[in-house]
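K.L.:
give me the fold of what follows.
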Amino acid sequence: MQELEIAHKTRCFGGDLGKEFYAEYHDREWGVPSHDEQHLFELLILEGAQAGLSWETVLKKREGYRKAFHKFDPAKVATMSDGELEDLRQNPEIIRNRLKIYATRQNARVFLQIQKEFGSFDKYVWGFVNGTPIKKHWHRFEDVPIQTLESNALSKDLKKRGMTFVGSTIIYAYMQAVGMVNDHLTTCWCYKD
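P.N.:
The predicted model follows:
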């Protein structure tokens, strides 16, 4: 019954049969404001892992990432050894790009520094949208931007702090993923005026 329900909803993406996991992500997570530190870290890492790939590919490997990176506990990821990271290059459950794997540890360390400085990563990152999701009214997915002034500013600041795989396009996708920006199309069942 749930598959039938998923198949008949109009979505921005993820409506194809056989890709219910993608529809589930669209319906329950994408564009929904998140303030959970671990979830914010998880999506930051996954969006960086997507660079040059499809989001569908990353979603299929999400559980593998959770196992490989201590359920995205930034404190545990920050202390992973070079040996542990090298071992992950043989793990078919994640994207085995050496730079992306090492970036996960580096970004965890910066994430922890930001938490210490601001009290939480949530407070820091949501400050770039004044604590309120940016709501757009797009009619076609082709009209949705790939970066904005806000994603440029956040990307620049994260890079200055030492994060990698946080270019403006990646960060805009991150902002969409954690609900800082709500880009559901006006035709989508998740769109609310």
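K.L.:
all strands of this structure, in order?
P.N.:
134-135, 181-182 (DSSP state E).
K.L.:
mind listing the strands the first one pairs with, and their directions?
P.N.:
In other words, strand 134-135. Taking DSSP bridges as the criterion, strand 134-135 sits next to strand 181-182 (parallel) in its sheet.
K.L.:
so how far is the strand it pairs with from its chain's centroid?
P.N.:
Offset of strand 181-182 from its chain centre (C-alpha atoms, centre = their mean, to the nearest Å): 13 Å.
K.L.:
please parse the protein into its domains.
P.N.:
For the chain, the structural domains run 1-30, 31-182, going by automatic domain parsing.
K.L.:
pLDDT score for Asp143?
P.N.:
According to the predicted model, the pLDDT of Asp143 comes to 89.
K.L.:
next, count neighbours for it.
P.N.:
As a burial measure, the neighbour count of Asp143 was computed by other C-beta atoms under 10 Å and equals 11. Where C-beta positions appear, they are placed from N, C-alpha and C, glycine not excepted.
K.L.:
next one: the one 3 residues further on
P.N.:
For Ile146, the tally of surrounding residues (other C-beta under 10 Å) stands at 10.
K.L.:
next: Ala177.
P.N.:
Summarising burial for Ala177: neighbours were counted as other C-beta under 10 Å, giving 24.
K.L.:
I'd say Lys61 and Ile95 touch.
P.N.:
Yes - the criterion here is C-beta atoms under 8 Å, and Lys61 meets it with Ile95 at 6.4 Å.
K.L.:
those helices in this structure, which residues are they?
P.N.:
Using DSSP state H, the helices of the chain run over residues 2-7, 20-28, 37-50, 55-60, 62-68, 74-78, 82-88, 98-118, 121-126, 149-161, 168-177.
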